[in-house]
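J.: no sequence for this one, just the structure:
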């Protein structure tokens, strides 16, 4: 489960973009919650809140497309750091 602050970022982004937060397996990009610009801010929140570093090569939408993919990425990254 994502930290509350990460979920708050997504909820605020959804509200700001006049959309709703999709279910955990649906695309945050297709729902209009994230785009290439907000992805950078989102990754910063993840790094700060989860204590991980997202490498430039991992900064791809497919790693952060759904809430479940974000959770998997964080778990995988935490093991390798």
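T.: On my side now, so go ahead. All of these numbers come straight from a predicted model, not from anything done at the bench. Residues are numbered from 1 along each chain as shown.

J.: just the helices in the chain please.
T.: Assigned by DSSP state H, the helices in the chain fall at 4-16, 36-50, 67-80.

J.: report the angle between the axes of the longest one and helix 67-80?
T.: Think helix 36-50. Here the directions of helix 36-50 and helix 67-80 differ by 50 degrees (axes from the mean of the first three to the mean of the last three C-alpha atoms, to 10 degrees).

J.: where does the chain dip in pLDDT?
T.: 81 (pLDDT under 70).

J.: picking that back up, closest to residue 60 out of the helices of the chain?
T.: helix 36-50 (9.0 Å; C-beta to C-beta). For glycine as for every other residue, the C-beta is placed from the backbone atoms N, C-alpha and C.

J.: pull the distance from that closest one to the chain's centre.
T.: 7 Å (C-alpha atoms, centre = their mean, to the nearest Å).

J.: buried residues in it?
T.: 38, 39, 42, 43, 45, 46, 49, 50 (16 or more other C-beta atoms under 10 Å).

J.: I figured the second one hits residue 63, correct?
T.: No. Judged on C-beta atoms under 8 Å, residue 39 makes no contact with residue 63 at a distance of 9.5 Å.

J.: quick check: residue 42 vs residue 70, distance?
T.: Distance, residue 42 to residue 70, using C-beta to C-beta, to the nearest Å: 8 Å.

J.: any residues in contact with both of these two?
T.: Both residue 42 and residue 70 are in contact with residue 64, where contact means C-beta atoms under 8 Å, 6 or more residues apart in numbering.
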